[in-house]
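Chemist: sharing a model prediction with you, sequence too.
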Amino acid sequence: MSNLDLRPVPSACGGRGDVSAAPVHELLPPRRVPLGESTVVRRLLPNLGRRMVGAWCFVDHYGPDDIADEPGMQVPPHPHIGLQTVSWLHEGEVLHRDSLGSLQTVRPRELGLMTAGRAISHSEESPREHARLLHGAQLWVALPDAHRHTAPAFEHHADLPVVTHGPGLRATVVLGELDGAASPGTAYTPIVGADIALTRGTEARLPVEPDFEYAVLAMSGSVEADGVPLEPGSMLYLGCGRTELALRADTDSALMLLGGEPFEEKIVMWWNFVGRSHEEIERARADWATGSRFGEVKGYDGARLSAPQLPPAALKPRGRMR
């Protein structure tokens, strides 16, 4: 998925400057951003209060939207460098195309994982004949320096491991590892992304890693994380230092657990690029404008996205900001 802001704000991220070594509760307010013709997303990362959670550097939550008489998601071809995209659905379908020639429909609770590496372009759209509702999350993972120039790739995994705790908690491991279960998706940093379903009345404690920082994204229902009630579309940052996470659901509910080792490297994120310097971002923008390096997305009915103008001041990588 693209950042469709016409005036994207650069984000200086990375480092351990704002990582809480102890458990905390920080509720991150979403920002509403239009995505295409009929989809509005709630952007939770980057946030004025927090830029990253582990290597997770971008989180959008959308829906549930009734798109029965709408085109649904329509994101034209656009470029990426230095990151991975994670497509995760609860309802609906998204058709992925990319410059590698991939053509894949991603359905609920299937992992669509694209590694941009040195350069890739892709599009995402609701199929012409699509389900009535669209509900999901789009997330980015920053690639560490040792792997950010790797060859681009796309993975689709329909069969993902599941962790259960009692009869009321079912956690699907989307990326990384949770409680001994590992996702088949390729990960380049110690990380976890899990989709957790809770039945009404469930109270459970989920084992987590004390060296990881965590956040939870409420997807649906009425849920409490570590005693904090969350509305769908909100995110709670939890810091580090926990060995378990207490969860409680008053109704059938779902949330995403996002975490990982704090990302130590300093990065620059602008538009759809994650880099290390202004010059690198500037070069990527120029390559997209001239039609080089990023390849071609074939089969999409429409024009590709044009890159916005860079801000007048040079982008500088700094530590994670508060």
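Modeler: Structure's in. What do you need? Residues are numbered from 1 along each chain as shown.

Chemist: Gly233 and Pro30 touch, don't they?
Modeler: Yes - look at Gly233 against Pro30 with C-beta atoms under 8 Å: they come within range, at 5.8 Å. (Each C-beta comes from the backbone N, C-alpha and C, glycine too.)

Chemist: which residues are common contacts for these two?
Modeler: Contact criterion C-beta atoms under 8 Å, 6 or more residues apart in numbering; residues shared by Gly233 and Pro30: 42, 61.

Chemist: mind exporting stretch 257-267 as PDB, just the C-alpha atoms?
Modeler: Output for stretch 257-267, consisting of C-alpha atoms alone and laid out as PDB, is shown next (Å, rounded to 0.1, in the frame of the first residue of the first chain):
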ATOM      1  CA  LEU A 257       0.100  -7.600  18.500                       C
ATOM      2  CA  LEU A 258       3.100  -5.800  17.000                       C
ATOM      3  CA  GLY A 259       6.600  -5.900  18.500                       C
ATOM      4  CA  GLY A 260      10.300  -6.600  18.200                       C
ATOM      5  CA  GLU A 261      13.700  -5.600  19.300                       C
ATOM      6  CA  PRO A 262      14.000  -1.800  19.200                       C
ATOM      7  CA  PHE A 263      15.400  -0.700  15.800                       C
ATOM      8  CA  GLU A 264      18.800   0.800  16.600                       C
ATOM      9  CA  GLU A 265      19.600   2.300  13.100                       C
ATOM     10  CA  LYS A 266      18.700   5.800  12.200                       C
ATOM     11  CA  ILE A 267      16.500   6.100   9.100                       C
END
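
Chemist: quick one: buried residues of it?
Modeler: Within stretch 257-267, the residues that count as buried by 16 or more other C-beta atoms under 10 Å are 257-263, 265-267.

Chemist: and that stretch, how far out from the chain's middle?
Modeler: With C-alpha atoms, centre = their mean, to the nearest Å as the basis, stretch 257-267 stands 13 Å off its chain's centre.

Chemist: same deal with stretch 69-88?
Modeler: On the basis of C-alpha atoms, centre = their mean, the separation between the geometric centre of stretch 69-88 and that of its chain is 11 Å.

Chemist: what about it, start to end distance?
Modeler: Using C-alpha to C-alpha, to the nearest Å, the end-to-end distance of stretch 69-88 comes to 23 Å.

Chemist: what's the residue lying closest to Thr202 once chain neighbours are set aside sitting at in phi/psi?
Modeler: For Thr202, ignoring the flanking residues on the chain, the nearest one in space by C-beta to C-beta, 6 or more residues apart in numbering is Gly168 at 3.0 Å. For Gly168, the backbone dihedrals (degrees, to the nearest 10) come out as phi -110, psi 0.
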